[in-house]
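>>> fold the following for me, if possible:
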Amino acid sequence: MNGAREAGGVEAAGRTGAPAVRVVAYGVLFALGAVTGLAGALVHAAWFPGGLLLALAAAGGLFGGGAKLTRTKVGAVAPGAGWAVAVVAATAARPEGDFLFGTGAGSYVFLFGGMLLAVMCATIALPAVPVARAGTR
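As a prediction, this is how the structure comes out:
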């Protein structure tokens, strides 16, 4: 058994995996969050209201999936941070004077809805991982 051991020789469930693997997973989740944020920024206004719902569903799925995949709250924070960095960068004015986000209600729902989803997924308690008892399999 390669995992960490608790008292009594029982392998700790849930937090298996080397720290380097976790760091890579968080980096990939951060990058996926950035891609999801940019895609949502382009889609939410183009196919309103379906694009807005699609963008928020993709963001929520990524945030919740990251937490469930890594079994940590950082798994939801990493894609949420990537999403926020990409979306905030997309809100800046371009040199041509154009904006990627309009001033309509849909843009604000996308911005605040995505942030709300990230916070919700990061703060929702994850279910406890069952731990095997000594002497049982």
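>>> tell me if I'm right that Ala59 and Leu116 touch.
No. Contact criterion Cβ atoms under 8 Å: Ala59 and Leu116 do not qualify, at 10.1 Å. Glycine gets a C-beta too; all of them are placed from N, C-alpha and C.
>>> between these two, which one's more packed in?
Ala59 (26 against 13; other Cβ atoms under 10 Å).
>>> what about the residue nearest to the spatial centre of the chain, helix or strand, and which?
Residue closest to the mean C-alpha point of the chain, counted by Cα atoms, centre = their mean, is Phe63 at 2.7 Å. Secondary structure assignment for Phe63, by DSSP states H and E: helix 50-70.
>>> how about the next helix or strand after that helix: buried residues?
Per DSSP H and E, the first helix or strand lying C-terminal to helix 50-70 is helix 74-91. Residues 74-84, 86-87, 90 are the ones in helix 74-91 that count as buried (16 or more other Cβ atoms under 10 Å).
>>> quick one, longest helix in the chain?
Looking across the chain with DSSP state H, the single longest helix is helix 19-46.
>>> and the nearest residue to Gly60 once chain neighbours are set aside, what pLDDT?
Of all residues not flanking Gly60 in the chain, Leu117 sits nearest, at 4.4 Å (Cβ to Cβ, 6 or more residues apart in numbering). pLDDT, Leu117: 94.
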